[in-house]
Structures are given as C-alpha cells and as structure tokens.
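*Asks:* Pasting the sequence and the predicted model now:
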Amino acid sequence: MKSFRLPRVLSSFVFFSAALAAVVAAGPLQAGEVVNRILVHVNSRIITQSQFDARIDQTVHESGPPPNAAKGEEMKKSVMEELVNEALLEDRAKELDLVTSDAEIEDQIKRLKEQNKVTTDEDFAKGLAQSGLTIDGLRDQLRRTVTLQRVVGREVNSKVDLSDDALRIIYEREKETWRVPEKAHLAEILVSNGDDQARAARRAKEASDLVKGGAKFEAVVKEYSDGGTKAKGGDLGLVVRGELTAEIDKVVFSLPVGTVSDPIGTKFGWHLVKVIEKVPVSYKPFPEVKAQLLKREQDTQFQKKLAEYLDKLKREAVIRVSPEGQSYYTPPAGVVMPAPVLSRTAAPAGKKKK
C-alpha cells in the first residue's frame, strides 16, 4: 500500500507562506525533547540537530537534491529560518492561549481519510506507516498545524485589508496599468511595389486623386488595391495604436474620422488609409480587474505583513545559536545576537542533566 499524501503544515491556511508550510518530519520544538545536540535556543524552545536534519531530508525529498554546494547551503539556511519562525509562532500561540480541540483534530483526520479514499482504520494506519507516522504522531502534527494557522490568522491575516475600498485605492493608484490604448477602425488601399516601384507610386497617386475627387473609397479599393482586404472593401477592422508600421501609425492616428491619408510608403508598397472610427484611450473598469488585483494583493500584502510580523517576533525574542548553528541562521539587521550557547545534548523529557 502506498503512503498517504499528507497535508502540509499550513496547507489549509490559504495565504500562509510556503516556507512555513512544511509538514514536519520533526515534531514540535519543545524543550527537553530527546535529540542529540541543540543548535538554537528560541526563547524557551530549542531546535536540535535531529530536527534540522529531518527537515533537510524532507525538503530534499519534496524538491530534489540541490544542484551544487552553494544551493545546498542556501537550502540549509532556509530550513533553519523555517524552524526558527515556527518556534516563534509556537511561543506566541502559548502566550495567546490558543489551543486546538480534539474535535478539530478528528475532523482533520476525517478529511485526510476522505482525500486518500481510505475507508478503514486499519488501512489508514498502514498508509501512515508508509509515511513514517503513527496515528498519534499525525494528531500531534495536525494539532501543531492548526495552532500555527490560528496564530497567523489572528496576528497577520486579520490585518490584511482586501476590502473593495482598499482594492479601489490600489486600482486608482495604478490606473495606468489598466490602460487600454487608443484604437481606430481603418480601411486601406495597398498598391504593392512589385517589380516596378515607379509604376506603383504612379498608381497610388491615381488612387489618391480619385478618392480626393469624390470617388467612393470601396470602388477605388476594388480597382487599385493589391491587399488581402480587397474583397472586404479594404476594411482592416479595429487597430490598436502601435500595431501598424511606424509610418502608417503616425499618420492615421493624427487624421480626423472620415478622412483618407495621402499615399504612405512602406517596404510593402504604398498605402492609402481611411479612418472610419476612433476609439479613445480608456481603462479597464474596476469590476473587470478586481479578481486579478485581489489575487495579487493576497500574495503581496500577506507576505509583506507576515515578514514584518516574524521580524518583530525575532527582535523581541531571545535567540541563542550554538557555534554549529551560526552558519545557518542570520538575525535581522541591527539585532545583536546574545553570546552563542555551547552545543550540547538535550536531556530526555522529564529528566535533568547531572
């Protein structure tokens, strides 16, 4: 039986950063856990070598091994940052007295069974075993996941303003982003150069004189045009400013509606262009771009506020790093780190070192 696709730590929290969204191969960061050595103290919590190694293994399993040593070092720093952030959030959850009930955990487990189409507890246990988990281990991870979600929802997501009023202000501020260029409905007579450019120029002047003399444009198209629009009376349809060659574009968007240009020479031949209609510059309306704005702001606003919040927690925390962990963790700018702690083995839970 294959292993389950387990939920990532914060997958159900829609705006939470991917960096904090890892399902934890290592368990919660708790003081007194049985591990080999302590790399970082985050207030009263610890990050151990085994937790760090387990998260590295998980990251490699999910994303593949780094392509070179430099990328490997970047990955280790990113992993340590995740672990420190999670420890800070767990501390904050404790301060806020945020808890997750057993009923919520069982509801999460029910959803997981449904997602993996598992109908019996025995099959569920087997699937968990393939993922290196027990049912109790899964409950612990889910409890931690929901608790972290709750902290971020209360402290960060609630401060992200995605109301219509806020989005409209952004829309107005960035209105040029939604600019729809000027358009013109055009028709043309194209006299191609062929093998005799002088003859083409003469024919273009003849066509121009006929139009200026009052001949119907469509009739002149039928007699003189070599263009692919000849069968449609020369109709080019709506054209956006900048879509045509520079020589034509410059002329036609300066002409009044209903007028025909003098012959305009290009590498294709000679063009007489009639301006049938003009559509002025406009802007996509707010309702049309609202969904796009909302999606962008969900990402950018949340990520910005989350980064600010985590930075604040770091500045208020006491974070001590062992010599072995210093190459993987960089404090925020301007923060002076306390003296490093000596690396040591963490004591088993409930026991004191002698």
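*Replies:* Arrived safely, thanks for sending.
*Asks:* I'd assumed Glu277 was in a helix, is it?
*Replies:* No: with DSSP: H, G, I helix; E, B strand; the rest coil as the criterion, Glu277 is assigned strand and is not in a helix.
*Asks:* where does Pro28 land on pLDDT?
*Replies:* With respect to pLDDT, Pro28 scores 43.
*Asks:* Start at 6, not 1
*Replies:* In the new numbering, first residue 6, that becomes Pro33.
*Asks:* looking at it, Lys82 is touching Val89, isn't it?
*Replies:* No: using Cβ atoms under 8 Å, Lys82 makes no contact with Val89, being 10.6 Å away. For every residue, glycine as well, the C-beta is placed using N, CA and C.
*Asks:* Quick check: neighbours shared by these two?
*Replies:* Listed as contacting both Lys82 and Val89 by Cβ atoms under 8 Å, 6 or more residues apart in numbering are Tyr334.
*Asks:* Contact partners for Leu195?
*Replies:* Counting by Cβ under 8 Å, 6+ apart, Leu195 touches 230-232, 234, 273-276.
*Asks:* Spell out the residue ranges of the helices in the stretch 206-355 of the chain.
*Replies:* Ranges of helices within the stretch 206-355 of the chain are 222-229, 251-257, 291-321, based on DSSP state H, counting those that start in this stretch.
*Asks:* Same check on the stretch 6-155 of the chain?
*Replies:* Assigned by DSSP H, counting those that start in this stretch, the stretch 6-155 of the chain shows helices spanning 54-68, 74-100, 107-120, 126-135, 140-160.
*Asks:* Run through the neighbouring helices and strands of the longest one.
*Replies:* Read it as helix 74-100. Packing partners of helix 74-100 (3 or more Cβ pairs under 8 Å, 6 or more residues apart in numbering; DSSP states H and E): strand 43-47, strand 50-53, helix 54-68, helix 140-160, helix 291-321.
*Asks:* do you know which of those lies nearest Leu215?
*Replies:* helix 291-321 (44.2 Å; Cβ to Cβ).
*Asks:* For Gly242, which non-adjacent residue is spatially closest?
*Replies:* His190 (6.7 Å; Cβ to Cβ, 6 or more residues apart in numbering).
*Asks:* related to what we said a few turns ago, of the helices and strands packed on helix 74-100, which is nearest Asp214?
*Replies:* Among the helices and strands packed on helix 74-100, the nearest to Asp214 by Cβ to Cβ is helix 291-321 (46.2 Å).
*Asks:* which helices and strands does that closest one pack with?
*Replies:* Counting contacts by 3+ Cβ pairs under 8 Å, 6+ apart, helix 291-321 packs against helix 74-100, helix 169-178.
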